[in-house]
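J.: fold the following and give me the result.
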Amino acid sequence: FPYTTLFRSLLGNLKARDDFLERHRDDGYHIHIDLNNFKHVNDTYSHDAGDKAITSFGQIASKLSRSAGGKGFRSGEDEFIFHFNDLDKTRDFTQALHHQIGKVDLGLPKYKLSFSAGVGKGHDHAEESLRAAKTKKIAAKAPIGQAQNHIHFHESLGNSEGLAKEMFGSGEERDRKSVV
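T.: The predicted model follows:
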């Protein structure tokens, strides 16, 4: 894929990811991200369109994570892992990513770039939260063209409901943004 070089330079390669996670699996704050409806983009528009979606996401996420002092890795075709040592920086990154990705226009009819994310203290809690966010996404039954980021904050973060309210508002406004 043409974006392989981008991810090796911006987000690190798989060996670097594995080495990092071996050392930092249980420390700090992890964010696991999966792009929404990526298979649909590849199947409907082309693999070049899929490359454009991944590249757009990767460039934004890499810039934001580095500016917040984080470390990012690609962990699968459309999956990413980010690590921060500080909860405030984790929160800032997640909020900024949510807003920046919402502005991306890939020029694809009936498709907006969006993601599901799990945020937790340590790797396992973030992975568990990503599964919860994806379950919420499926339950919401939003049309594929409707951009909704689904973000789940693990209970390991303490007041996860308070984090969601602080970052994205409360009630109806938060529900429209699909932050859980």
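
J.: what is the neighbour count of Gly102?
T.: 14 (other Cβ atoms under 10 Å). Backbone N, C-alpha and C define where each C-beta goes, glycine included.

J.: that one and Gly122, how far apart?
T.: Distance, Gly102 to Gly122, by Cβ to Cβ, to the nearest Å: 28 Å.

J.: any idea which helix or strand of the protein has the worst average confidence?
T.: helix 171-177 (a mean of 41; mean pLDDT, DSSP states H and E).

J.: I'd guessed Val119 sits against Ile81; true?
T.: No: using Cβ atoms under 8 Å, Val119 makes no contact with Ile81, being 11.4 Å away.

J.: more neighbours, those two?
T.: Val119 (31 against 23).

J.: what packs against the stretch of helix or strand the more buried one belongs to?
T.: Remark: Val119 resides in strand 115-121, with elements defined by DSSP states H and E. When contacts are defined as 3 or more Cβ pairs under 8 Å, 6 or more residues apart in numbering; DSSP states H and E, strand 115-121 packs onto strand 29-35, helix 87-101, helix 123-140, strand 150-153.

J.: so the second one versus strand 29-35, what angle?
T.: Using axes from the mean of the first three to the mean of the last three Cα atoms, to 10 degrees, the inter-axis angle of helix 87-101 relative to strand 29-35 is 20 degrees.

J.: how about helix 87-101: buried residues?
T.: Neighbour counts using 16 or more other Cβ atoms under 10 Å place 89-98, 100-101 of helix 87-101 among the buried residues.

J.: pick the one among those residues closest to Ile33.
T.: For these, the minimum distance to Ile33 (Cβ to Cβ) is 8.1 Å, reached by Leu97.

J.: the closest one against Ser67, yeah?
T.: No: contact criterion Cβ under 8 Å: Leu97 and Ser67 do not qualify, at 11.3 Å.

J.: about what we covered before: tell me what angle the strand holding Val119 forms with strand 29-35.
T.: Calculated by the same axes, to 10 degrees, strand 115-121 forms an angle of 170 degrees with strand 29-35.
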